[in-house]
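# what's the 3D shape of this:
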Amino acid sequence: MTLTFQTHPIDLILLDIEGTISSQRYVLEVLYPFARERIPVFVARHPDHPVVQRALRETAERIEPGQDPVAALIAWQDADQKVPPLKLLQGLVWEEGYREGAFKGHIYDDAHAALEGWRKAGVPMHIFSSGSVKAQVEFFQNSNRGDLRSYFGRHYDTDIGAKVVPASYMAIAADLGAAPDRILFLTDNPREVAAARQAGVHVVQVIRDESVKPNEAGAPIVAEFDQLRELVAFG
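From the prediction side, this is the model:
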């Protein structure tokens, strides 16, 4: 089974999560408030946890001497900063929330239908999200569509590079053993569109919210995954 994007052969699909296959509101209104409340509690309860110790150590390296590291972590989250020690702790507290049944990962209906179709057709799919790999796996394991972990091969976060830098997409292509021009990336972020296209990756921007700016890189735009049928075909 071959996959083509506007007549270009494609070997695999790379997907963003927030704003693309999942609602951005889910992160802002469910996950972030839960982490904001639970991070101080988790740190206090698990001072000897190696990930907690690492996160606090890395936080202390980034702030002024004497500044409260937990307060800094909360401030970074309030500012939606993608800071590594914050991602570590978010992953831990969200894992706890999923285990408690406090929430389920949100997947759009149209996105799930497309993912299911690509999976059945044998199209390799991978994830590139600003959330930690651990948080990504927990999200898909505990989604409102059931356990979707088997749908995806590799997960990448900003440890491989910023999502707005072309080199990150080149690094992912190299890791997957694929030429950049054989990859199709789906994202809502116009800066990510520009970076991926500069790396030679094919991109479609998914705009589900009118507040999201259209890209200026000439990439196609869809409002939902159903519209991808006009761009992506099986051969």
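# ok, L231 - contacts?
F5, Q6, V204, P220, V222 (Cβ atoms under 8 Å, 6 or more residues apart in numbering). Every residue, glycine included, has its C-beta placed from N, CA and C.
# roughly how far apart are the first one and E230?
In this view, F5 and E230 are 11 Å apart by Cβ to Cβ, to the nearest Å.
# More neighbours: which of the two?
Using other Cβ atoms under 10 Å, the more surrounded residue of F5 and E230 is F5, with 20 against 10.
# wait, that one sits on L184?
Yes: using Cβ atoms under 8 Å, F5 is in contact with L184, at 5.1 Å.
# Retrieve the pLDDT associated with the closest residue to I39 other than its chain neighbours.
Among residues not flanking I39 along the chain, L89 sits closest, at 5.3 Å (Cβ to Cβ, 6 or more residues apart in numbering). pLDDT recorded at L89 is 94.
# Okay, and L89 sits in which element?
helix 84-100 (DSSP states H and E).
# what comes up buried for that helix?
85-98 (16 or more other Cβ atoms under 10 Å).
# any idea which of the residues you listed is the one closest to K134?
G91 (4.0 Å; Cβ to Cβ).
# what's the distance between that closest one and M125?
21 Å.
# what does R182 give?
14 Å.
# Quickly list what's touching both of these two.
Common neighbours of R182 and M125 (Cβ under 8 Å, 6+ apart) are L12.
# Excluding chain neighbours, what is closest to the residue nearest to the spatial centre of the chain?
Geometric centre of the chain, nearest residue: S129, 2.2 Å, by Cα atoms, centre = their mean. In this structure, S129 finds its nearest non-sequential neighbour in I17, 4.3 Å apart by Cβ to Cβ, 6+ apart.
# Surely E95 and Q136 touch.
No: using Cβ under 8 Å, E95 is not in contact with Q136; the gap is 11.6 Å.
# wait, doesn't Y32 sit right on Q77?
Yes: under the criterion of Cβ under 8 Å, Y32 is in contact with Q77, at a separation of 6.2 Å.
# the more surrounded of the two?
Using other Cβ under 10 Å, the more surrounded residue of Y32 and Q77 is Q77, with 20 against 16.
# Any figure for the gap between that one and R99?
21 Å.
# Helix, strand, or coil at the residue lying farthest from the centre of the chain?
Within the chain, the residue lying farthest from the chain centre (Cα atoms, centre = their mean) is G66, at 33.3 Å. With DSSP: H, G, I helix; E, B strand; the rest coil as the basis, G66 sits in coil.
# Then M170?
helix.
# what sits against it?
P180, A199, G200.
# which of those residues tops the neighbour count?
That'd be A199 among those, by other Cβ under 10 Å, with 21 neighbours.
# confidence score at that one?
A199 is given a pLDDT of 98.
# mind checking how far it is from I107?
27 Å.
# ditto for G153
18 Å.
# try A195
25 Å.
# Could you do M125 as well?
Distance from M125 to I107, by Cβ to Cβ: 13 Å.
# which of those two has more neighbours?
I107 (22 against 18).
# Wait, a strand at that one?
No: with three-state DSSP as the criterion, I107 is assigned coil and is not in a strand.
# show me where pLDDT drops low in the chain?
1, 235 (pLDDT under 70).
# For it, which segments count as strands?
According to DSSP state E, the chain carries its strands in the segments 3-5, 8-10, 12-15, 125-128, 155-156, 183-187, 202-206, 221-222, 232-234.
# Highest mean neighbour count out of the ones you listed?
strand 183-187 (a mean of 26; mean count of other Cβ atoms under 10 Å).
# Give the other helices and strands that that one contacts.
strand 12-15, helix 166-176, helix 190-198, strand 202-206 (3 or more Cβ pairs under 8 Å, 6 or more residues apart in numbering; DSSP states H and E).
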